[in-house]
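Undergrad: sequence first, then the predicted structure:
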Amino acid sequence: MTSPRHAEATALGRYYTHPITAESLISVTNVLSVGCAKPALVPWAAKIVAEHSWDLLPRMAGALRAKDCGAGPKRDQACGRCRDCLTRELKGEVTVARDKASDLGTRVHHLAEQHVLGVEVAEQEGDDVARQYLAQYLAFLEGWGVDLEHDVEAVEVTVANPRLGYAGTLDLIIRLPLDGFVAGQKVQPLPDGKKSLWLVDLKTSETRAATSVYGEYALQLAALRFASEVWLPDDTTAPMVKGITGAAVLNLRRRTFELVPLPTGKAEFDAFQGSLALSKWMHSTGHDINGGTYRPITRTGAVKPKRGATTRKAA
Ligand SMILES: [Zn+2]
């Protein structure tokens, strides 16, 4: 997966580096991955492995009588026939499926961005599927009367709130013929060809219904909406776009799309900041708070040394 400019994949997830101050800012999606549980993930992983095991069944049957080859985690030496190798292959299928979904999402975002910018994109493998998503994106732009020349305020731009310590990349700020969105109120069409600014995030999925959204999307949109600055291509910054009246997720699927407005008020921004505080604490202590800092003690309060600590030092 490619990273936006100034973004870096660290052991603690994505962080941005401020183009002027060089401050390290945690990414919005990183914050949400720390703070929001993903209950759908475990059943999803179970399904991927269960389905893939049917593909491997003939080899698994053979492995019942084969001896383990001893390759262990060394992939290039895997025999692919023993129980140990097949177990690793099955477990690895979850990563394969996740990377595939992530690559498709990245590609669709890229095609969508280049379309808005009016740039032709050379065909690459997998584009037969990606272009089905793009067709749905074009159907949205056309259906909502978006004029690429006048209605696009920003596309694929990194925004940040250095005071709070986060940054993120938004997909789109466009003018729509709708008055905006406040939770509990009906979205009204604007009269006389008037338009207002919407923050829109594209979401792709091969499996989820186009009508479905996760609660954390509202926090993501609120974080982006309440960013204080925009990072420009020449490494300067500008104040955040003013006057956004609504935020929505544009769910793109192969054969359909749905625009789902979400609340991005004080409650959502407060919740995001709660998750931000949690993330900062988790990342400063490490996910494993016991990772060496905190040790068991004896009844006299003496700290028990790590087993093998001295021998390792000697070696
Ligand atoms: Zn093997």
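TA: Cool, got the structure.
Undergrad: so who does Cys85 touch?
TA: Residues in contact with Cys85 (CB atoms under 8 Å, 6 or more residues apart in numbering) are Ala63, Asp68, Cys69, Ala71, Ala78, Cys79. No exception for glycine: its C-beta is placed from N, CA and C like everyone else's.
Undergrad: just the ones of these in helices?
TA: Ala63 (DSSP state H).
Undergrad: filter the contacts of Cys85 by proximity to the ion?
TA: By CB under 5 Å from the ion, the members of the contacts of Cys85 lying near the ion are Cys69, Ala71, Cys79.
Undergrad: and the contacts of stretch 254-268?
TA: 129, 132-133, 136-137, 139-140, 144, 181-183, 187, 199-200, 206, 210-211, 213, 217-219, 221-222, 225-226, 246-251.
Undergrad: can you get me a residue count around Gly62?
TA: 13 (other CB atoms under 10 Å).
Undergrad: looks like it contacts Arg81 (just checking).
TA: Yes - with contact defined as CB atoms under 8 Å, Gly62 counts as touching Arg81 (6.1 Å).
Undergrad: thinking again about what came up before, which one among the ones next to the ion among the contacts of Cys85 sits at the bottom for pLDDT?
TA: Among the ones next to the ion among the contacts of Cys85, Ala71 has the lowest pLDDT, at 86.
Undergrad: got a pLDDT number for the closest residue to that one other than its chain neighbours?
TA: Ranked by CB to CB, 6 or more residues apart in numbering and with sequence neighbours excluded, the top spatial neighbour of Ala71 is Gln77, at 4.1 Å. On the pLDDT scale, Gln77 is placed at 86.
Undergrad: in this protein, mark out all the strands, start to finish.
TA: Ranges of strands within the chain are 7-10, 13-17, 24-27, 152-161, 166-176, 196-204, 229-231, 237-239, 244-252, 257-261, based on DSSP state E.
Undergrad: quick check: residues of the chain near the ion?
TA: Cys69, Ala71, Cys79, Cys82, Cys85.
Undergrad: next, give me the two most distant ones among the residues you listed.
TA: Farthest apart among those by CB to CB are Ala71 and Cys82. That separation is 8.1 Å.
Undergrad: give me the more crowded residue out of those two.
TA: Cys82 (19 against 16).
Undergrad: which residues does that one contact?
TA: Ala63, Ala66, Lys67, Asp68, Cys69.
Undergrad: among those, which ones are buried?
TA: Ala63 (16 or more other CB atoms under 10 Å).
Undergrad: for the contacts of Cys82, which one is nearest Met282?
TA: The closest of these to Met282 turns out to be Asp68 (CB to CB; 37.5 Å).
Undergrad: shaky segments in the stretch 151-300 of the chain?
TA: In the predicted model, the stretch 151-300 of the chain carries pLDDT under 70 at residues 286-292.
Undergrad: how about the nearest residue to Ser3, chain neighbours excluded?
TA: Nearest residue to Ser3 in three dimensions, chain neighbours excluded: Ala9, at 6.2 Å (CB to CB, 6+ apart).
Undergrad: I meant to write Ala45 there.
TA: Nearest to Ala45 is Val94, by CB to CB, 6+ apart, at 4.8 Å.
Undergrad: and the residue lying closest to Leu219 once chain neighbours are set aside, what is it in contact with?
TA: Using CB to CB, 6+ apart and skipping residues adjacent in sequence, the residue nearest Leu219 is Phe272, 4.2 Å away. Phe272 is in contact with Val28, Val31, Leu32, Leu219, Gln220, Ala222, Ala223, counting by CB under 8 Å, 6+ apart.
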